[in-house]
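Undergrad: just the structure for this:
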Amino acid sequence: MQSRARLIIRMIFLSGVLLGGLLLGGCDRRPQSAPPPPVPEVAVVTVQPQKVVLTTELPGRTSPYRIAEIRPQVNGLIQKRLFTEGSDVQAGQELYQIDPAPFQAALNNAKAALGRAEASLPAIQLKAGRFKEALVDRAVSQQALDDANAALKQVEADVLFWRATVETASINLAYARIVSPISGRIGRSNVTDGAIVTAYQPVPLATIQQLDPIYVDVPQSTTELLRLQHRLKEKSLNRDGTDQNKVQLKLEDGTLYPLEGTLQFRDISVDPTTGSVILRAVFPNPDGVLLPGMFVRGVAKEGVNEQAILIPQQAVSRDPRGNPMAMVVETDGKVGVRMLTLDRAIGDQWLVSTGLSPGDRVIMEGVQRIRPGATVKEVPFDASRKQGAEPAKTAQPAPTSK
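TA: Have a look, this model is predicted:
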């Protein structure tokens, strides 16, 4: 028992010594300074000027190349409709047949009257000739000769009148056949067989529209027009090397129309309600994809910017006032802020008018970990890591904040 008590006392003593040593070691420790934070790493792209063809995308609508409203030119009764609604018709194709009987009768009557006048003409001519010879011998009086000449002129006038009447009757008879003045697609008929129609009535019998080719009318604001003229004057845009008359078309579902159109003219009058002018382009439409009144978007070429500065859209942020800006790495390795003026979006990039110069290193990733004036470590931006990246396609107007 005594040996066991001594063992317990010795263990208590050793535990106390050990605890005291630990306490003394803790008291001797001095506070050490924290290690410096690591320099943040950012991914950058270097600004390089590029050659870019600038385009303008404008909304518009299609309209027929030619349109003809079919109206009768004589009064009468529709005997038969001779076309299928919604079909393609050719110029000169008969569409309606008006009852020709009254017009044929009028023609026959005029021909008979003309024949009667022409039959009496030779006798009057001979009589006037004999009276003229007899006047030399004073066999007839001057009054008789004058009466004969007057009768001759009257018969000659009757012949001309009835010839004109025959021609008018022939025209009216021809108008009984209503034919198509143009080739195109005809719509629904507003009359049926047996309907009574009048000459030049306000309601057309049917409407024909030529759809191949077809017009596309797009409005362009005078603001954009003046801006384009200003850029051309400053020579920031070059029209050499681009076909300014070619226009592309986007359909309502966003697909690109496969055929290019040709810009025909820009209207010289400004619409006071919209402040825009109309651009008219003509597009081939062999398959009838484009229909009148369809909403489309025309893509017109403006020119070539030989020294365009493009940066990815993710590199642009906004200040509290909504002004666009970008962070760059300055020559001393510190972060700087550049206020930008954006011209337009081109695909997933911004076209920068002012604020950046060739050689500037724009920060793409790591913006959340830095602040202006901070020293950073830059690495090249790997665009392949960006999901959903698409090449630049069509130029779009930029937001109004500049």
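
Undergrad: only C-alpha atoms from now on, for both contacts and neighbour counts.
TA: Will do.

Undergrad: center of the chain, which residue is that?
TA: Geometric centre of the chain, nearest residue: Gly298, 3.2 Å, by Cα atoms, centre = their mean.

Undergrad: how about the nearest residue to it, chain neighbours excluded?
TA: Closest residue to Gly298 apart from its sequence neighbours, by Cα to Cα, 6 or more residues apart in numbering: Leu249 at 4.7 Å.

Undergrad: now the one you found: which helix or strand?
TA: Leu249 is located in strand 246-250, with elements delineated by DSSP states H and E.

Undergrad: coming back round to it: and for the residue nearest to Gly298, the neighbour number?
TA: 24 (other Cα atoms under 10 Å).

Undergrad: and it, how far from Pro320?
TA: 38 Å (Cα to Cα, to the nearest Å).

Undergrad: which strands and helices lie in contact with the longest helix seen in the chain?
TA: When the chain is parsed with DSSP state H, its longest helix is helix 101-136. With contacts taken as 3 or more Cα pairs under 8 Å, 6 or more residues apart in numbering; DSSP states H and E, helix 101-136 sits against helix 142-175.

Undergrad: and stretch 330-343, how far out from the chain middle?
TA: Put simply, stretch 330-343 sits 38 Å off its chain's centre (Cα atoms, centre = their mean, to the nearest Å).

Undergrad: whoops, I mixed them up, stretch 201-215
TA: Using Cα atoms, centre = their mean, the offset of stretch 201-215 from its chain centre is 21 Å.

Undergrad: what do you get for stretch 183-191?
TA: Distance, stretch centre to chain centre, for stretch 183-191: 26 Å (Cα atoms, centre = their mean).

Undergrad: that stretch: which residues count as buried?
TA: For stretch 183-191, the buried set under the neighbour-count rule, 16 or more other Cα atoms under 10 Å, comprises Ser183, Gly184, Arg185, Ile186, Gly187, Ser189, Val191.

Undergrad: what comes up buried for the strand ranked longest in the chain?
TA: The single longest strand within the chain, with elements called by DSSP state E, is strand 50-70. Using 16+ other Cα under 10 Å as the test for burial, strand 50-70 gives 52-68, 70.

Undergrad: after it comes which helix or strand?
TA: strand 76-81.

Undergrad: pLDDT of that following strand, averaged?
TA: Averaged over strand 76-81, pLDDT sits at 94.

Undergrad: so where's this protein uncertain?
TA: Applying pLDDT under 70 to the chain flags the ranges 1-34, 131, 133, 135, 137, 139, 228-244, 384-402.

Undergrad: got the domain ranges for it?
TA: 46-63+210-397, 72-99+176-203, 101-175 (automatic domain parsing).

Undergrad: just send those domains back as JSON lines, with distance to Pro36 too.
TA: Compiled in JSON lines, those are given as follows (distance: least, Cα to Cα, whole Å):
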{"stretch": "domain 46-63+210-397", "distance to Pro36": "13"}
{"stretch": "domain 72-99+176-203", "distance to Pro36": "80"}
{"stretch": "domain 101-175", "distance to Pro36": "100"}
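
Undergrad: of all those, which lies closest to Pro40?
TA: Nearest to Pro40, of all these, is domain 46-63+210-397, at 5.2 Å by Cα to Cα.

Undergrad: wouldn't Ile67 be in contact with Gln209 here?
TA: Yes. Here Ile67 reaches Gln209: they are 4.4 Å apart, a contact under Cα atoms under 8 Å.

Undergrad: show me what contacts Gly92?
TA: With contacts defined as Cα atoms under 8 Å, 6 or more residues apart in numbering, the neighbours of Gly92 are Val179, Ser180, Pro181, Ile182.
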